[in-house]
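S.K.: based on what follows, work out the 3D shape:
(chains A, B, C and D)
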2 protein chains.
Amino acid sequence: MPLAKSTPNLSASGPHAVERILAAAKDLFAESGFNAASMNAIAERAGVSKANVFHHFKSKNSLYLEVLKTACNEPGQIDQLGNGSGTLAERLREFSQAHLANILRDEKISRLIQRDLLENGPQRGKELAEQVFGQNFARLVEILRTGQKKGELRKGVDPAMLATLLIGADVFFFQSREVLRHFPDVHFTDTPESYSAMLVDILLHGILPQP
Amino acid sequence: MPLAKSTPNLSASGPHAVERILAAAKDLFAESGFNAASMNAIAERAGVSKANVFHHFKSKNSLYLEVLKTACNEPGQIDQLGNGSGTLAERLREFSQAHLANILRDEKISRLIQRDLLENGPQRGKELAEQVFGQNFARLVEILRTGQKKGELRKGVDPAMLATLLIGADVFFFQSREVLRHFPDVHFTDTPESYSAMLVDILLHGILPQP
DNA sequence: CGCGATATTGACCGACCGGTCAGTCGATGC
DNA sequence: GCATCGACTGACCGGTCGGTCAATATCGCG
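M.R.: Predicted coordinates for the structure are as follows:
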């Protein structure tokens, strides 16, 4: 047995108990939801006793909130908006691809948030809007708005609507892949890049002939 | 006490027990999900004993499946695609508005399906694709494809992608209203018609200036 | 009326839930 | 050596879960 500094835990390997509990809780909450993920299961996966979980977190709900908080602050959730150079078309393509890749990479966190919003309704919706998504959404809208003032964007387009469409298309792709996959006409479920590319192409040029 | 025909039930008023159980189960499953909706609560809301629920449905899961089946076959879920007259623009506008209105009107069913897909994953995704959404999606794609052959639609556009975008935008609006509502830049959360209108406008003409 | 079938019920079961509690263990400071 | 403290544990609590069962109420039918 290797000697970690002060060998604080004897049950399972790796990091300290609190981190293992948080990791196990994140997995189980994301897989099964709040109710279906039992404290017994979380403790077992973390390699500690259930009582120890309650020693570190005063209740199941506080553990859940802690998981949510740390999950939302993980690196990778902050979207690279690509404020930098390039035409609007290039930047949008870049953003859409990066955004969709983020969602797919942190699938657990995405499912966690999706579940939370579904179960906790409007009240949680406000919290998520203000504390998690608000800043990034506002930044995206601002970028689009300045692009519109510089003439890169049509006058009649509402920047907030365009931002909603960009994000919503990715979110819908994420959570409906398993349905879309079985439609014979759909060929992009396994290549998110091509989905992003087609999305931005339609948004840029529209669907009417003769641009 | 009024004399209904043959007065089959003495507990609660209205339709027979089975229908009341199905209605109560639909409500509770949609509100709370499969696990959180207890058979006790369903029986209580239906005005019967829990044992009676198990008399009519052999298990909680079979009751759930029955609810899903009847819910998906309810009138109003079959989208009016507006095969009829009018330009492509008019028909798309019509379809998008009707589709979004359908989702919002049958909110319980929409939440039910959303929950089911989230909890039962890929396996249920296949069932939903084949038995519930497949026909309507294929019809929408077919309409778009014929429109493309008649030159109403740009060549480079993938009809399946456009259909996904049309449906996905509405679904995302439905399930993210409570978040979007709290973004100061967003003004369309209370007027789905304007959302649909802006959506179709962007899809038709794109976002670049000078069409 | 009586009789079989069906609808309905309250009492009950084992399993599991979130949460508590008394107490053990090992490190630290004096 | 010894008191103290946080990490940790197994046993246990009241309560709820899905599901069962024997008994009763009500029905359609001859």
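S.K.: in the worst-scoring helix or strand of chain A on mean pLDDT, what's buried?
M.R.: In chain A, the helix or strand scored least confidently by mean pLDDT, DSSP states H and E is helix A:107-128, which has a mean of 87. Using 16 or more other CB atoms under 10 Å in any protein chain shown as the test for burial, helix A:107-128 gives A:109-118, A:124-125, A:128. Bear in mind the C-beta positions are built from the backbone N, C-alpha and C, glycine included.
S.K.: which ones, among the residues you listed, also lie beside chain B?
M.R.: A:111, A:114-115, A:117-118, A:124-125, A:128 (CB under 8 Å from any CB of the partner chain).
S.K.: and those residues, which two are the farthest apart?
M.R.: In these, two members sit farther apart than any others by CB to CB. They are A:Arg111 and A:Gly125, at 16.9 Å.
S.K.: got the angle for the least confident helix or strand of chain A vs helix B:107-128?
M.R.: Using axes from the mean of the first three to the mean of the last three CA atoms, to 10 degrees, the direction of helix A:107-128 lies 170 degrees away from that of helix B:107-128.
S.K.: and helix A:107-128, does that touch DNA strand C?
M.R.: No - judged by CB under 7 Å from any atom of the strand, helix A:107-128 stays clear of DNA strand C, getting no closer than 13.9 Å.
S.K.: quick one: that helix to chain centroid distance?
M.R.: In terms of CA atoms, centre = their mean, to the nearest Å, the centre of helix A:107-128 is set 10 Å apart from its chain centre.
S.K.: give me the number of residues near the residue nearest to A:Ala17 when sequence neighbours are not counted?
M.R.: Nearest residue to A:Ala17, sequence neighbours excluded (CB to CB, 6 or more residues apart in numbering or on different chains): A:Val48, at 5.2 Å. For A:Val48, the count of nearby residues is 21 (other CB atoms under 10 Å in any protein chain shown).
S.K.: correct me if wrong: A:Val48 contacts A:Leu22.
M.R.: No - using CB atoms under 8 Å, A:Val48 makes no contact with A:Leu22, being 11.7 Å away.
S.K.: neighbours around A:Phe57, how many?
M.R.: Around A:Phe57 there are 21 residues (other CB under 10 Å).
S.K.: which one of the ones next to chain B among the buried residues of helix A:107-128 sits closest to chain B?
M.R.: Set against chain B, the nearest of these by CB to the nearest CB is A:Gly125 (3.0 Å).
S.K.: give the contact list for that closest one.
M.R.: Residues near A:Gly125 by CB atoms under 8 Å, 6 or more residues apart in numbering or on different chains: A:117, B:177-179, B:181-182.
S.K.: for those, give me JSON lines that also has secondary structure.
M.R.: Below are these laid out as JSON lines (DSSP: H, G, I helix; E, B strand; the rest coil):
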{"residue": "A:Leu117", "secondary structure": "helix"}
{"residue": "B:Arg177", "secondary structure": "helix"}
{"residue": "B:Glu178", "secondary structure": "helix"}
{"residue": "B:Val179", "secondary structure": "helix"}
{"residue": "B:Arg181", "secondary structure": "coil"}
{"residue": "B:His182", "secondary structure": "coil"}
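S.K.: and those, which of them are buried?
M.R.: Of those, these count as buried by 16+ other CB under 10 Å: A:117, B:177-179, B:182.
S.K.: ignoring the adjacent residues along the chain, who's closest to A:Glu193?
M.R.: A:Gln97 (6.1 Å).
S.K.: and the angle for the helix or strand where that neighbour lies with helix A:107-128?
M.R.: Per DSSP states H and E, A:Gln97 falls inside helix A:88-105. Helix A:88-105 and helix A:107-128 meet at an angle of 110 degrees, taking the same axes, to 10 degrees as the criterion.
S.K.: if you count neighbours, what's buried in helix A:88-105?
M.R.: Neighbour-count burial for helix A:88-105 [16+ other CB under 10 Å]: A:88-89, A:91-100, A:102-103.
S.K.: redo these as a markdown table? Include pLDDT.
M.R.: Formatted as a markdown table, the buried residues of helix A:88-105 follow (pLDDT from 0 to 100):
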| residue | pLDDT |
| --- | --- |
| A:Leu88 | 83 |
| A:Ala89 | 83 |
| A:Arg91 | 87 |
| A:Leu92 | 88 |
| A:Arg93 | 89 |
| A:Glu94 | 88 |
| A:Phe95 | 90 |
| A:Ser96 | 92 |
| A:Gln97 | 91 |
| A:Ala98 | 90 |
| A:His99 | 91 |
| A:Leu100 | 93 |
| A:Asn102 | 89 |
| A:Ile103 | 91 |
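S.K.: how about A:Leu208, secondary structure?
M.R.: At A:Leu208 the chain is in coil, as set by three-state DSSP.
S.K.: mind listing what A:Gln148 touches?
M.R.: Neighbour list for A:Gln148: A:154-155, A:157, A:159 [criterion: CB under 8 Å, 6+ apart].
S.K.: need the contact list for A:Arg145.
M.R.: Per CB under 8 Å, 6+ apart, neighbours of A:Arg145: A:Pro159.
S.K.: just to check, A:Tyr64 is in contact with A:Ala25?
M.R.: Yes - with contact defined as CB under 8 Å, A:Tyr64 reaches A:Ala25; the gap is 7.2 Å.
S.K.: which one's more surrounded, those two?
M.R.: The neighbour count for A:Tyr64 versus A:Ala25, taken as other CB under 10 Å, is higher for A:Ala25 (27 against 18).
S.K.: next up, the contacts around the more buried one.
M.R.: A:37, A:42, A:46, A:63-64, A:67.
S.K.: may I have whichever strand or helix holds it as PDB, with CA atoms only?
M.R.: Per DSSP H and E: A:Ala25 is located in helix A:17-36. C-alpha atoms of helix A:17-36 as PDB (Å, rounded to 0.1, in the frame of the first residue of the first chain):
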ATOM      1  CA  ALA A  17     -13.600  11.000   1.000                       C
ATOM      2  CA  VAL A  18     -15.500  14.300   0.300                       C
ATOM      3  CA  GLU A  19     -14.200  14.400  -3.300                       C
ATOM      4  CA  ARG A  20     -15.100  10.800  -3.800                       C
ATOM      5  CA  ILE A  21     -18.600  11.400  -2.400                       C
ATOM      6  CA  LEU A  22     -19.100  14.400  -4.700                       C
ATOM      7  CA  ALA A  23     -17.900  12.500  -7.700                       C
ATOM      8  CA  ALA A  24     -20.100   9.500  -7.000                       C
ATOM      9  CA  ALA A  25     -23.100  11.800  -6.300                       C
ATOM     10  CA  LYS A  26     -22.600  13.600  -9.600                       C
ATOM     11  CA  ASP A  27     -22.600  10.400 -11.500                       C
ATOM     12  CA  LEU A  28     -25.600   8.900  -9.800                       C
ATOM     13  CA  PHE A  29     -27.700  12.100  -9.800                       C
ATOM     14  CA  ALA A  30     -26.900  12.600 -13.500                       C
ATOM     15  CA  GLU A  31     -27.700   9.000 -14.300                       C
ATOM     16  CA  SER A  32     -30.800   8.500 -12.200                       C
ATOM     17  CA  GLY A  33     -32.100  11.800 -10.900                       C
ATOM     18  CA  PHE A  34     -32.400  13.100  -7.400                       C
ATOM     19  CA  ASN A  35     -35.000  10.700  -6.100                       C
ATOM     20  CA  ALA A  36     -33.700   7.500  -7.800                       C
END
